[in-house]
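Q: Pasting a predicted model and its sequence here:
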Amino acid sequence: MNALEVIDLWVKVEGKEILKGVNLNIPKGELHILMGPNGAGKSTLAMTLAGHPKYVVEKGKIVLCGEEITHLPPEERARKGLMVLFQTPPELEGVYVADLINKISERFGSKVDVEELLKEVNLPPSFAYRYVNKGFSGGERKRFETARILAAKPKVVVMDEPDSGVDVESIKVIANTINKLLQMGTSVLVITHYRNILKYVTPHKVHVMIDGRIVKSGDISLVEEIEKKGFKEVVMH
């Protein structure tokens, strides 16, 4: 069964059409990579999957594990097992890391040891008693987001540019988290410009988005082709 299905999805942002009939199927426990040039609509897809109200679905469906979630609010999507990791996670002044992780694990019925979980993503135990993302570096924010995902044990995870603006250590931690999620049977969609993370994970499928559509799909060899020829050249063949 497909964990995530995007069916003929058309999306407008502030009156402008950005997604123009996106189709995407991700089976249970698979890792898919979505690549494309700037302005292709990749982050719009992530925001739409998350249920951001500014992103208006004109037509099409989003289906999570057989259940349509196209018009559900963000918190309801998360409760049903869809989590989205954004490029720049916000600071939550006054909310302690430990409290947030405990709240997530309680909500999703998964018992976690906060300090052990932080250790898994290479963050010191002292982070448990800091405000969420307050004063964290880019890499620390991304690593904390991966801890948050592990605490929730979701069915589908969408990561928007997880390897952007972070050090090699953080990329390895994110890749390690992806591999753990796949072992748990979670499906993962990684949206990226780079091939950095692909040194540490092996996708089942790679997709190319241009001008609001997925125009080509293939295996890992598609990434090498893009590196050599560029997006437009690859799509034309």
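A: Structure's in. What do you need? Numbers count the residues shown, from 1 in each chain.
Q: Can you give me the buried ones in the strand or helix carrying Glu233?
A: Applying DSSP states H and E as the criterion places Glu233 in helix 231-236. By neighbour count on 16 or more other C-beta atoms under 10 Å, the buried set for helix 231-236 is Phe231, Val234. C-beta: built from backbone N, CA, C; applies to glycine.
Q: Pull the residues that contact it.
A: Defining contact as C-beta atoms under 8 Å, 6 or more residues apart in numbering, one finds that helix 231-236 is touched by Met35, Gly36, Pro37, Val208, Ile210, Val215, Lys216, Leu222, Glu225, Ile226.
Q: show me where the chain has strands.
A: 2-13, 16-27, 31-35, 55-64, 67-68, 82-85, 92-96, 131-132, 156-160, 187-191, 205-210, 213-218 (DSSP state E).
Q: Pull up the gap between the nearest residue to Arg79 once chain neighbours are set aside and Lys153, please.
A: In space, and not counting its chain neighbours, Arg79 is closest to Arg107: 7.4 Å by C-beta to C-beta, 6 or more residues apart in numbering. To Lys153, Arg107 is 11 Å away according to C-beta to C-beta, to the nearest Å.
Q: out of those two, which sits in the busier spot?
A: Higher neighbour count among Arg107 and Lys153: Lys153, with 18 against 13, using other C-beta atoms under 10 Å.
Q: show me what contacts that one?
A: Phe108, Ser110, Met184, Thr186.
Q: The same query, at a cut-off of 6 Å, please.
A: Taking C-beta atoms under 6 Å, 6 or more residues apart in numbering, we find Lys153 in contact with Phe108, Ser110.
Q: Ok, Lys12 next?
A: Lys12 neighbours (C-beta under 6 Å, 6+ apart): Val56, Glu58.
Q: Just list whatever residues bridge to it.
A: With DSSP bridges as the criterion, Lys12 is bridged to Glu17, Val56.
Q: What is the burial count for Glu14?
A: Neighbour tally, Glu14, other C-beta under 10 Å: 8.
Q: ok, now how distant is the closest residue to it other than its chain neighbours from Ile33?
A: Nearest non-adjacent residue to Glu14, counting by C-beta to C-beta, 6+ apart: Lys54, 7.2 Å away. Distance from Lys54 to Ile33, counting by C-beta to C-beta: 26 Å.
Q: Then Val206?
A: For Val206 relative to Ile33 (C-beta to C-beta), the value is 5 Å.
Q: Then Pro89?
A: In terms of C-beta to C-beta, Pro89 sits 21 Å off from Ile33.
Q: who has more neighbours, these two?
A: Ile33 (23 against 16).
Q: Could you verify my assumption that the more buried one touches Val208?
A: No - look at Ile33 against Val208 with C-beta atoms under 6 Å: they stay out of range, at 9.6 Å.
Q: so where's the protein uncertain?
A: Applying pLDDT under 70 to the chain flags the ranges 237.
Q: same thing but 90
A: Within the chain, the stretches with pLDDT under 90 are 1, 86-91, 105-112, 138-139, 162-167, 169-170, 193-196, 227-237.
Q: where's the closest residue to Asn176 other than its chain neighbours relative to Ile220, distance?
A: Excluding the flanking residues, the one nearest Asn176 by C-beta to C-beta, 6+ apart is Tyr200, at 7.5 Å. As for Tyr200, its distance to Ile220 is 13 Å (criterion: C-beta to C-beta).
Q: likewise Glu67?
A: From Glu67 to Ile220 the distance is 31 Å (C-beta to C-beta).
Q: of these two, who's got more company?
A: More crowded of Glu67 and Ile220, by other C-beta under 10 Å: Ile220, with 15 against 10.
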